[in-house]
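1. structure for the following, please:
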Amino acid sequence: MKNNTRSAVVTLSISVLAMIVSLKGRATTITGAGSTFVYPVLAKWAATYQKITGDQINYQSIGSGGGIHQIESKTVDFGASDMPLEHADLVKNNLVQFPIISGATVPVVHLAGVKPGQLKLTGSLLAEMYLGKITKWNDPQIAKLNRGVKLPNQAIMVVHRADGSGTTFIWTDYLSKESADWKTRVGEGTAVNWPVGVGGKGNEGVASYVKQIDGSIGYVEYAYAQQNKMIYAQVKNRAGKFVEPTMKSFRAAAAGAEWGKAKDYHLILTDAPGRASWPIAGSTFILMQKTQANPAQTREVLHFLHWAYTSGVGAAEKLDYVPIPKKAVGEIVHTWQTALKMQNGAPLEIGL
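-> Numbering: from 1, shown residues only. All right, here's what the predicted structure looks like:
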């Protein structure tokens, strides 16, 4: 009897071990690359999702330009860009795009004695600084907006992105809307010819430079400003109101986004209407190949993204991102069902 019991225990132990090995064997590694704007929330999602499913999300935070290049080269499962691609580019590279999250880019400064949210700036002033036309912090145009704020007679050191960046696209798109001179001389894009300043790689690099250089100004996704305890500025919005970067102002900026009416989900949230709207808002877009050689892998990618849309809402809001509305998520899932195909042209069975 004892031998039989021992045999049963051994058999059970082997079965459990086999099951664990089998489960580990089914774990998937999902690869992505691109936007540093989305990285704080994507990293949080990835860590939680791995604990739940065992699947690992290997995401390279290399900037939107790099993410676009990698998905076009088919070296990752998905790319992430804060600049939505035009229809012609999507068709040319056989891509589908859809938004994953919305958030905000904020101006950050390194000025002794100035508190977060105390400094007021406008889009035209930011453009003048980044054009190298306003070079001192106590310039009369800045001082006029900031009576009572002690502004030093100090050179402004402009910090920008050195890599291809969707955060740069959001920033330069906003400046182009606020300044005809900026639009003519520089324009908008993931990479531009900067008139002045020093470049940092990624949101991390810009944040690091601003923290180190006294008198500097840069632009980062809001989560980086919070994580690094940086001094951010208020900015005047389209309604003429100075607003601080807050979840309320980010939500106000994203409120008018009608994703279902936008071809290829091509929407840009800068300079949004509304008294409470943050003017330098934007979204991150996921890019995927339409034709999928590995349907099982693609399903794992979509399961992760669907989990992020639904179960990842709380984590996104804690990091001050604005989740995509439920109605739009349903439209995005429909896009997956109709746009993604297997190599034989048959629709991809998602299995959600």
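
2. ranges for the helices of the stretch 201-350 of the chain?
-> Along the stretch 201-350 of the chain, counting by DSSP state H, counting those that start in this stretch, helices occupy 202-212, 222-227, 247-254, 295-310, 313-318, 326-339.

3. quick one: closest of these to residue 59.
-> Judged by CB to CB, the one of these that comes nearest to residue 59 is helix 295-310, at 10.7 Å. From N, CA and C alone the C-beta is placed, and that goes for glycine too.

4. next, the angle from that closest one to helix 326-339.
-> Orientation note: helix 295-310 sits at an angle of 170 degrees relative to helix 326-339 (axes from the mean of the first three to the mean of the last three CA atoms, to 10 degrees).

5. now helix 295-310: buried residues?
-> Of the residues in helix 295-310, those buried by neighbour count under the rule 16 or more other CB atoms under 10 Å are 295, 298-309.

6. closest to residue 71 among the residues you listed?
-> Of all the buried residues of helix 295-310, the one sitting nearest residue 71 is residue 301; the distance, using CB to CB, is 11.6 Å.

7. so that closest one is in contact with residue 76, correct?
-> No. Using CB atoms under 8 Å as the test, residue 301 is too far from residue 76 to be in contact (9.9 Å).

8. of the helices of the stretch 201-350 of the chain, which is nearest residue 238?
-> helix 247-254 (9.9 Å).

9. low pLDDT regions in the stretch 1-150 of the chain?
-> Within the stretch 1-150 of the chain, the stretches falling below the threshold (pLDDT under 70) are 1-26.

10. if you set the cut-off to 90 instead, what comes out?
-> Confidence mapping of the stretch 1-150 of the chain against pLDDT under 90 gives the ranges 1-27.

11. could you pull out the strands in it for me?
-> Counting by DSSP state E, counting those that start in this stretch, the stretch 1-150 of the chain has these strands, from start to end: 29-34, 56-61, 78-81, 95-109, 120-121.

12. show me the one of those that comes nearest residue 219.
-> When the strands of the stretch 1-150 of the chain are compared by CB to CB, strand 95-109 sits nearest residue 219, at 5.3 Å.

13. helix 247-254 and that closest one, what's the angle between them?
-> Computed by the same axes, to 10 degrees, the angle between strand 95-109 and helix 247-254 is 140 degrees.

14. alpha carbons only: can I get strand 95-109 in PDB?
-> Extracted C-alpha coordinates of strand 95-109, given in PDB (Å, rounded to 0.1, in the frame of the first residue of the first chain):
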ATOM      1  CA  LEU A  95       0.400  48.500 -42.600                       C
ATOM      2  CA  VAL A  96      -2.600  49.000 -40.300                       C
ATOM      3  CA  GLN A  97      -2.600  51.600 -37.500                       C
ATOM      4  CA  PHE A  98      -4.700  52.400 -34.500                       C
ATOM      5  CA  PRO A  99      -4.400  54.400 -31.300                       C
ATOM      6  CA  ILE A 100      -3.300  52.700 -28.100                       C
ATOM      7  CA  ILE A 101      -3.300  55.700 -25.600                       C
ATOM      8  CA  SER A 102      -3.400  59.400 -25.400                       C
ATOM      9  CA  GLY A 103      -1.300  61.700 -23.300                       C
ATOM     10  CA  ALA A 104       0.500  65.000 -23.300                       C
ATOM     11  CA  THR A 105       3.800  66.700 -24.000                       C
ATOM     12  CA  VAL A 106       4.900  69.400 -21.600                       C
ATOM     13  CA  PRO A 107       7.500  72.100 -21.500                       C
ATOM     14  CA  VAL A 108      10.000  71.600 -18.600                       C
ATOM     15  CA  VAL A 109      12.500  74.100 -17.300                       C
END
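
15. I appreciate the help and will end here.
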